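Engineer: Have a look; sequence and predicted model below, questions after that.
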Amino acid sequence: MTDVPKRLLLGRALRSDKLGETLLPKRVALPVFASDPLSSVAYAPGEVLLVLSIAGVSAYHFSPWIAVAVVVLMFTVVASYRQNVRAYPSGGGDYEVASTNLGRKAGLTVASALLVDYVLTVAVSISSGVENLGSAIPFVVEHKTLCAVAVIVLLTLMNLRGVRESGKLFAIPTYCFVAGVFALLVWGVVRGVLLGDHMRAPTADYHIHTEQSGLTGFALSFLLLRAFSSGCAALTGVEAISNGVPAFRKPKSRNAATTLAMMGVLAVTMFCGIIALALVTDVKMAENPARDLLVDGKPVGSGYTQNPVISQVAAAVFGDGTFPFVFLAAATALVLFLAANTAYNGFPLLGSILAQDRYLPRQLHTRGDRLAFSNGIVLLAGAAAILVVVYGADSTRLIQLYIVGVFVSFTLSQTGMVRHWNRLLTDESDPARRRHMIRSRAINTFGAFFTGLVLVVVLVTKFTHGAWVSLVGMALFYAVMTSIRRHYDGVTEELASDDPGGTKVRPSRVHSFVLVSKMHKPTLRALRYARLMRSDTLEAVTVNVDQAETDQLRREWEESGIDIPLTILDSPYREISRPVIDYVKRLRKEQPRDLVSVFIPEYVVGHWYEHLLHNQSALRLKGRLLYTPGVMVSSVPYQLESSELARKRARRREQWNAPGSVRRGPVLAPRKDGKSGKGTEPGTGAGPGSPSPGRSPGAGDSSEDLTRGRKN
């Protein structure tokens, strides 16, 4: 039922040796790993103006200086991470740098911060994309939570198809967006400088009502710092390239460093250009537009939808509703949706490394059918969808939680790199290499200082606006990962063998019994299989849940002449599992050194609905027995005729035999002359449908096989 839809949605499974074919060239790696910082120009300038609007329109003239500070920070971070990808190309990124140079706790702190940031990247990017698309399609903004969740599902399916394939899909929208923004900047310069046109945004004639206009001193400084911290959203996603180095083609480090430089230049140019055009076209933004935006002295009201800065600038430069405007709006929405792809590549890669280090479930280290880390992709999508629903896909509210985690990782990573260069310098004597290391250390030192300063600013200015939620999330991730590591370490220690030869733990005897309920082929086959194990003692056990059926089983057992004793367990409450468990415990108590081996027959069916027609008592019993020390459980499958359907489905895919198929014996295949003849042994592909113990599995032996005694 699941195989065909899975192949239609995700494509054919890829062999492990095809992993090299999924590596990315720079032209594809740029949209895959850098779509987040590139797309941030769609909302970061707006966040700067929103904060400045608290002090009124007059505070907008500070925006160019804030843009300059963001640009300096961007180039600092890019230069620092170019050192990272060269020194640590394995893909661990900030986590590996911090763990190696600052210790396990610092590494876990960085990992927690990045995991939170990746989840927020998906939530913020998609919510902002829905809002941008809503500027052209009102239905989208009216149902933005539902639309955002639908986009998350679609993006998840695209990423499950594989990194390379999803990268090709994402490359076109990303480059269309970059081309659209540069066309906007160029045409804006042509109209404003060369043609002398007076471009005006749709909100140019609006006024902003504020009760805090004319701020000075500490209040103004705090407001500017808060605006700067909001503009720093443009830096999110820069670290994803350092985590994704293994996905690049060779030379991996050089290609990753080049991609970082390309990303920095493009992001800075677009960010500054949008800020400049927003000031020229007189864009107005307000944190509470329904109340604070005024038209003719009156608030615009709750029915007003405040469009993003880039949409307003495009309307002023290209004209509202024109083809270039629609093209840029569509490209912006798409690239914001796809900006989440930075997290879809960073989160699973980081999760895989953490799982390898036993800080996350080991399932996250497993690649899926398309050689992507499927479990990490699904986990990220689920967490982001929950955030989108809780916050109503409101990017303004979500962005307050943003960038705290990324600056924690920035700061600790750069600090770790400083210690990395200090350690190498103590052993390096070559003058040229020492000069290179000293220069790299200086870059990382400045990066650590600057990002640390920004982290303090972000925490101070955003804490009460929602940044505390990110800190709580980081603490939860840290606690969970620590607990997981403690569990895995405990399991490893417990399972470590102190007796390689196995002489100390060898049981004195093996006591086996087969669960039965009727005299039928599954029971007989299970009995014969148990006899072949040559246990010290062997018995058949049935649970008396119906006196008439139990009496009939006793009569048939005696008439069959089977020389295996039948033990009947009373069950006054008609339970099956509890009497068997109590019997096993009694055996273990009487003979603590004996090993108890339980054989459970199970039906194998071919139709999914047939599982509903058989109870699952055998499955429940196995689950209980797993927690009983000194007990071994063996399932003896018996394939019913309906399982042929599953076998034929599997045969179309590959040659495959189901467990227990060799015990069914040969099936008769029609010969050309119309007579029946012996065919090949079938395999089957169904899962077990578990009847009550003894009512399940075995094969087609006669009781004569069982009366020949142990000597056979």
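Structural biologist: Now that the structure is in, tell me what you want to look at.

Engineer: Going by C-alpha atoms from here, please, whenever you check contacts or count neighbours.
Structural biologist: Noted.

Engineer: Mind splitting the protein into its structural domains?
Structural biologist: Here the domain parsing of the chain from automatic domain parsing is 43-353+363-487, 510-708.

Engineer: Pick the most deeply packed of those domains.
Structural biologist: domain 43-353+363-487 (a mean of 21; mean count of other CA atoms under 10 Å).

Engineer: now that one, how far from the centre of its chain.
Structural biologist: 20 Å (CA atoms, centre = their mean, to the nearest Å).

Engineer: Hmm, Val418 is touching Asn444, no?
Structural biologist: Yes: between Val418 and Asn444 there is a contact under CA atoms under 8 Å: 6.0 Å.

Engineer: Any regions of the stretch 51-200 of the chain where pLDDT drops low?
Structural biologist: Applying pLDDT under 70 to the stretch 51-200 of the chain picks out residues 91-92, 135-136, 161-170.

Engineer: got the contact list for Val122?
Structural biologist: Residues counted as contacts of Val122 (CA atoms under 8 Å, 6 or more residues apart in numbering) are 152, 339-341, 343-344, 381, 384.

Engineer: now, which of the residues you listed sits nearest Gln306?
Structural biologist: Ala339 (21.9 Å; CA to CA).

Engineer: now the helices for the stretch 501-650 of the chain?
Structural biologist: Under the criterion DSSP state H, counting those that start in this stretch, helices of the stretch 501-650 of the chain are mapped to 521-532, 547-560, 577-590, 617-625, 643-653.

Engineer: Which one, of the ones you listed, ends up nearest to Val604?
Structural biologist: Nearest of those (CA to CA): helix 643-653, 6.5 Å.

Engineer: From the chain's centroid, how far away is the top helix by length along the chain?
Structural biologist: Identified as the longest helix of the chain according to DSSP state H is helix 323-356. From the chain centre to the centre of helix 323-356 is a distance of 14 Å (CA atoms, centre = their mean).

Engineer: Quick one: mean pLDDT for that helix?
Structural biologist: Throughout helix 323-356, pLDDT has a mean value of 82.

Engineer: now do stretch 603-610
Structural biologist: The average of the pLDDT scores along stretch 603-610 is 70.

Engineer: can you offset everything so residue one is 150?
Structural biologist: Okay, using 150 as the starting number, the last item reads as stretch 752-759.

Engineer: quick revisit: do you know which of the domains of the chain lies nearest Glu642?
Structural biologist: Glu642 lies closest to domain 192-502+512-636 among these, at 9.9 Å (CA to CA).

Engineer: Ends of that closest one, what's the gap?
Structural biologist: 42 Å (CA to CA, to the nearest Å).

Engineer: list the contacts for Arg583?
Structural biologist: By CA under 8 Å, 6+ apart, Arg583 lies in contact with 574, 577.

Engineer: In terms of helices and strands, where is it?
Structural biologist: Here Arg583, judged by DSSP states H and E, is contained in helix 580-611.

Engineer: So which elements touch the next helix or strand after that helix?
Structural biologist: Remark: after helix 580-611, the chain's next helix or strand is helix 616-644, criterion DSSP H and E. On a contact count with 3 or more CA pairs under 8 Å, 6 or more residues apart in numbering; DSSP states H and E, helix 616-644 meets helix 253-283, helix 553-576.

Engineer: ok, 10 Å please
Structural biologist: When contacts are defined as 3 or more CA pairs under 10 Å, 6 or more residues apart in numbering; DSSP states H and E, helix 616-644 sits against helix 253-283, helix 472-505, helix 553-576, helix 580-611.

Engineer: quick one: the last one to helix 553-576, angle?
Structural biologist: Here helix 580-611 runs at 160 degrees with respect to helix 553-576, directions being taken by axes from the mean of the first three to the mean of the last three CA atoms, to 10 degrees.

Engineer: what angle do helix 580-611 and helix 616-644 make?
Structural biologist: 120 degrees.

Engineer: mean confidence score for helix 580-611?
Structural biologist: Per-residue scores along helix 580-611 average to 85.

Engineer: Okay, the most far-flung residue of the chain relative to its centre and Ala353: tell me how far apart.
Structural biologist: Distance from the C-alpha centroid of the chain peaks at Glu708, with 60.0 Å (CA atoms, centre = their mean). Distance of Glu708 to Ala353, given as CA to CA: 99 Å.

Engineer: could you check the distance from Leu198 over to Asp441?
Structural biologist: 14 Å.

Engineer: what residues are shared contacts of these two?
Structural biologist: Common neighbours of Leu198 and Asp441, using CA atoms under 10 Å, 6 or more residues apart in numbering, are 205, 434-435.

Engineer: Among these, which lie within helices?
Structural biologist: If you go by DSSP H, the shared contacts of Leu198 and Asp441 have nothing in helices.
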